[in-house]
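>>> Quick one, structure for this:
(chains A, B and C)
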Amino acid sequence: MRFSHSVHATALAAAIATFACSPASAQKKYDSGATDTEIKIGNIMPYSGPASAYGVIGKTEQAYFNKINAEGGINGRKINFISYDDAYSPPKAVEQARKLVESDNVLLIFNSLGTPSNSAIEKYMNAKRVPQLFVATGASKWNDPKNFPWTMGWQPSYQTEAHIYADYVLKEKPAGKIAVLFQNDDFGKDYVKGLKDALGPKASMIVAEESYETSEPSIDDHMVKLKTAGADIFISVTTPKFAAQAIKRASEIDWHPLQIVVNVSSSVGAVMMPAGFENSQGILSANYSKDAGDPQWADDPGMKKFVEFLAQYYPDGNKLDAATVFGYGAAQTLVAVLKQCGDDLTRDNVMRQAASLKDFQPDTLLPGIRINTSPTDYAPIKELQMMRFKGAKWDLFGDVMNGELTH
Amino acid sequence: MELFTNQILAGISTGAIYACLALAVVMIYQAIDHLNFAQGEMAMFSTFISWQLMQWGLNYWVAFVLTIALSFAGGIAIERVLFKPLAKAPILTNVAGFIALYSIINSSAGLIWDFTIKQYPTPFGSAPFLGSQLISTHQAGMIGVTLLLLLALYFFFQYTRVGLAMRAAASLPESARLVGINTSWMIALGWGMAAAIGAIAGILIAPVVFLEPNMMLGTLIYGFAAAVLGGLTSPFGAVIGGFLVGIFENLAGTYIPYAGNELKLPIALALIVSILVVKPAGLFGRHIVKRV
Amino acid sequence: MSAVEDVATQTAAVEAVPKRAMTLGTGTSLVVLTLLLVVPMFVKNFIIFQMTMLLIYGVAVLALNILTGGSGQFSLGQSAFYAIGAYTSAILMEQYDVNYALTLPVAGLVCFGAGFLFGQPALRLSGVYLALATFALATAMPQLLKLGYFEKWTGGVQGLVVTKPDAPFGLHMSQDVWLYYFTLVITVAIYVFSVNLLRSRSGRAFMAIRDNEIAASAMGVNVALYKTLAFGVSAGITGVAGGLGAIAVQFVAPDSYTIQFAIALFLGMVVGGVGWLPGSFIGSAFIIFVPNIAEGISKGLSGAVFGVLLFLVIFLLPHGARQIAIVGQQLLGRLRR
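Next up is the predicted model:
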């Protein structure tokens, strides 16, 4: 392929040039986007369009990097965070990725959001050998270092989370009947696959499966069908708006199954509150981050730092919005990786350091959950803890679980 | 059988949402002979305004009335400022204008109130209606208000001078001008009324779907479909159309095997298109005779 | 009780554009073509990629121009045909190893068929009703593409990754540059074809239908045939654009072809000037670059800024970029004297 020839030629030339340099300057190694004073980081987020609620993540990260810069930067270098809008459209994501890599010359692309957008740019990023680091989606496909060595996820994969729910159901309600409501896209389908894989021979517990489109105004009729199927366990693989609608509707039609909502919709401020606390009692979910609305973390040093950060650098941000917690955690992980790179800010080294995180814990992760990666393990966070909604907050229970298939 | 009746009832309750919005759509169509894409966004913005007024401490009904008044004025203002200059421009340019308006309103709402969902109160409560668990008191209230609105519109168009003038201006503008009707202001009035009706629709819909800038995304398509099905010249048709669309959709989703659930919207729309092919003016619309 | 619509005195839904004014003059065309040929030598690969997308979207808008500006039928559903073309190319390339160039005629033919078929029920609809029907088609397409039944071909919600072709015959060109020239050749071919189509007898039939359908049918024009033909041709061209799009972006997914895209193509047609074929490319530039400009001005309000810019354009140029061309031509005419 013509492409790789030119890349190899450039690499060879660069290697020769490096060896020809004096030992002192050979210690500082840069790829485009990194200099003595600056590190350029690219990012793609849906600031407009149907997924614009997630734009808060990008804004939180911008604020976090402002804080790091105010405190002196990373090893003396300031972060230049360039974030573009893709309106959740894959062709636009491709355009923005190319712009970041070829026009803005960023060192890496960090926390780009959305499975379709990331799928669209994955091949390009790997062909160009630019890190596509800590992508903001839980699809299981991002843990594939053999085929895509430049792409790495961050949050626990949807399938991992689904395994945990399936295991819980098998243990606590082995004779139950499950109804699943899922969003008809990669997010929803990944969860359903995870559930069925983990239930294994007992997948027949699922008596009803309803998919919905984000263009539907309300999911009321799906809820009716699920109730009519006679299920007593309801797994809600939904995004915040629809999760809230489902909770409310279940209550209205007098259906009180054991309800499990997925992690992305477990935000107190964005889901439980609009749905009504009285309707949300006893709902289960799982989390890997601390909930800023939970008084048990009021004196937690990590959460205190997070709340102070929001107050000072992103006052418009709502600490109850899980997106801010997410952005903070991911950004902190990136800063740790870049710090670990020292003066060797080549893309190779960035990936190498990202693939060698040992027991790293951002301020916002639950105690007991650590980030670990290796050259064959590109899943930084693999664990979650289950929680039950009581009163106006989530109560964690049980052990931190790691969602590996046990059969 | 139980599932069938359940789905019909559920269809009626979602249909009420579509019927509401369809009324606003028909209203604007009566005034300007076009479908305004930004109708849903205007309704959403009005609902946010009423929410904000309530956040600032106003009582629900005061906020309601104030919002209707503001929306009416806003609709007229938008027409005078943005669309009157385009009156002589081709129709397609006007449609582009609607799309631009959609973009502006949606984006502004997102910036002012952000994209997380907000709870919106209902004066009707959320208890089961008449013991039925499928229709809550709110949804019954929604149907009631829609029917009231329908009645009011009927009286307005049939029995008031202004209503008659508006109908005249919409169907035969040249002749209307000849009899002294200020067609330009009729259009502005139409916009104002459509905005006001849209506001009511939004306020009724928000408790069910939750308030957020993208709340009208899916609903608008159904609203259009309902209006077209019922006949764009008939408010009564719009309401019936709304209920029919809601029911069609649910039955299609439940009974068409295999793909029915995933293709609810396309199937509903396909049905409507088929009906249009047979009855081009919709179920209750006035049959248009084209004369060369 | 029926209402009477006076067609003769009513303004036509789509205004007539004089045939002469439908294209650029020969001189201007040559200048533009030379520019398009030469520019890639001076700019980075990324800009070349954007220019390729400009040509591709331009072709899609051109197709819409033939349908709406030429035959007077509204369509908000072009994204559906674009999607069919894109997926046809992607599936043929990835599942059946067909050469990328050969997938384009297939995409075009498949979409021609789809368009022709869609045109049949659409015959009885016009104006806002046709708009709604095409709108329905556009919203249906992503959902059809996600259907589990087709998943083994379409990749379902995950979509398909498409391999980018290399320059053939060992030419020393980057993939982007080669793809650009390849697209340019196809674009010019389609443009020339479209101009000739509109100048031909079929084109005159289209325009007669656009201006006054009843009169046209009274004059013996086979309205049904030409209306469906217009849909077919327009869909076919959009399908080719879709195929090129799939190759350029290297990825197809249901989320890429939503109603937002159909609306963008519509806007591109209006901004460029309905019925003015060269305007398709100006419109395409508008829909690619103006959102970027809007984002540059304000990330939080990018939609609002876009809306404002759009309003500015339609206030200043209600008939689209064609007005600038007319003014330009008048100036040139005055200069010559």
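
>>> B:Tyr154: how many residues sit nearby?
14 (other C-beta atoms under 10 Å in any protein chain shown). Where C-beta positions appear, they are placed from N, C-alpha and C, glycine not excepted.

>>> what bridges to A:Lys29?
A:Asp344 (DSSP bridges).

>>> Let me see the contact set for it.
Counting by C-beta atoms under 8 Å, 6 or more residues apart in numbering or on different chains, A:Lys29 touches A:Thr18, A:Asp343, A:Asp344, A:Leu345, A:Thr346, A:Asn349.

>>> Quick check, pLDDT for C:Ala21.
At C:Ala21, the pLDDT value in this model is 54.

>>> does the residue lying closest to C:Gly113 once chain neighbours are set aside sit in a helix, a strand or a coil?
Nearest non-adjacent residue to C:Gly113, counting by C-beta to C-beta, 6 or more residues apart in numbering or on different chains: C:Gly232, 7.4 Å away. For C:Gly232, the assignment made with DSSP: H, G, I helix; E, B strand; the rest coil gives helix.

>>> any idea how far C:Gly232 is from chain A?
As judged by C-beta to the nearest C-beta, to the nearest Å, C:Gly232 and chain A stand 25 Å apart.

>>> Return the residues in contact with that residue.
C:Phe112, C:Gly113, C:Gly115, C:Phe116, C:Gly119.

>>> just the buried members of those residues?
C:Phe112, C:Gly115, C:Phe116, C:Gly119 (16 or more other C-beta atoms under 10 Å in any protein chain shown).

>>> ok, so of the residues you listed, who is nearest chain A?
Using C-beta to the nearest C-beta, C:Gly115 is the member of these that sits closest to chain A, with 22.0 Å.

>>> which secondary structure element contains that closest one?
Using DSSP states H and E, C:Gly115 sits within helix C:100-122.

>>> which secondary structure elements does the next helix or strand after that helix contact?
The C-terminal neighbour of helix C:100-122 among helices and strands, as given by DSSP H and E, is helix C:127-146. Applying 3 or more C-beta pairs under 8 Å, 6 or more residues apart in numbering or on different chains; DSSP states H and E, one finds that helix C:127-146 makes contact with helix B:217-230, helix B:264-278, helix C:78-95, helix C:100-122, helix C:259-272.

>>> Repeat the analysis, applying 10 Å as the threshold.
helix B:91-113, helix B:217-230, helix B:264-278, helix C:78-95, helix C:100-122, helix C:151-154, helix C:259-272 (3 or more C-beta pairs under 10 Å, 6 or more residues apart in numbering or on different chains; DSSP states H and E).

>>> who wins for proximity to C:Lys164 among those?
Closest approach to C:Lys164 among those (C-beta to C-beta): helix C:100-122, 8.7 Å.

>>> mind checking how far the top helix by length along chain B is from the chain centre?
When chain B is parsed with DSSP state H, its longest helix is helix B:2-32. In this view, helix B:2-32 has its centroid 9 Å away from the chain centroid, taken as C-alpha atoms, centre = their mean, to the nearest Å.

>>> Stretch A:37-54 now?
Worked out by C-alpha atoms, centre = their mean, stretch A:37-54 lies 14 Å from the chain centre.

>>> Can you get me a residue count around residue 31?
Picking chain A for this. 20.

>>> wrong one, I was asking about chain B
24.

>>> Kindly report the same for A:Glu308.
A:Glu308 has 11 neighbours, counted by other C-beta under 10 Å.

>>> for the strand or helix carrying it, packing partners?
A:Glu308 is part of helix A:301-313 when elements are defined by DSSP H and E. The criterion is 3+ C-beta pairs under 10 Å, 6+ apart, and the helices and strands that helix A:301-313 contacts are helix A:55-70, helix A:322-341.

>>> OK, contacts around A:Glu61?
Residues in contact with A:Glu61 (C-beta atoms under 10 Å, 6 or more residues apart in numbering or on different chains) are A:41, A:43, A:45, A:79, A:81, A:83, A:110-111, A:136, A:314, A:324, A:326-328, A:330-332, A:334.

>>> Report the angle between the helix holding A:Glu308 and helix A:55-70.
Going by axes from the mean of the first three to the mean of the last three C-alpha atoms, to 10 degrees, helix A:301-313 is angled at 90 degrees with respect to helix A:55-70.

>>> for helix A:301-313, the distance to its chain's centre please.
From the chain centre to the centre of helix A:301-313 is a distance of 20 Å (C-alpha atoms, centre = their mean).

>>> ok, and what's touching that helix?
A:60, A:62-68, A:70, A:289-292, A:294, A:296-298, A:300, A:316-319, A:321, A:324-325, A:328-329, A:332, A:361-365, A:367.

>>> and these near chain C, which?
A:Gln62 (C-beta under 10 Å from any C-beta of the partner chain).

>>> What subset of the contacts of helix A:301-313 is buried?
A:60, A:62-68, A:289-292, A:294, A:297, A:300, A:317-319, A:321, A:324-325, A:328-329, A:332, A:361-365.

>>> Tell me which stretches of the stretch 51-200 of chain B form helices.
Ranges of helices in the stretch 51-200 of chain B, per DSSP state H, counting those that start in this stretch, are B:60-78, B:91-113, B:137-159, B:161-171, B:173-178, B:183-209.
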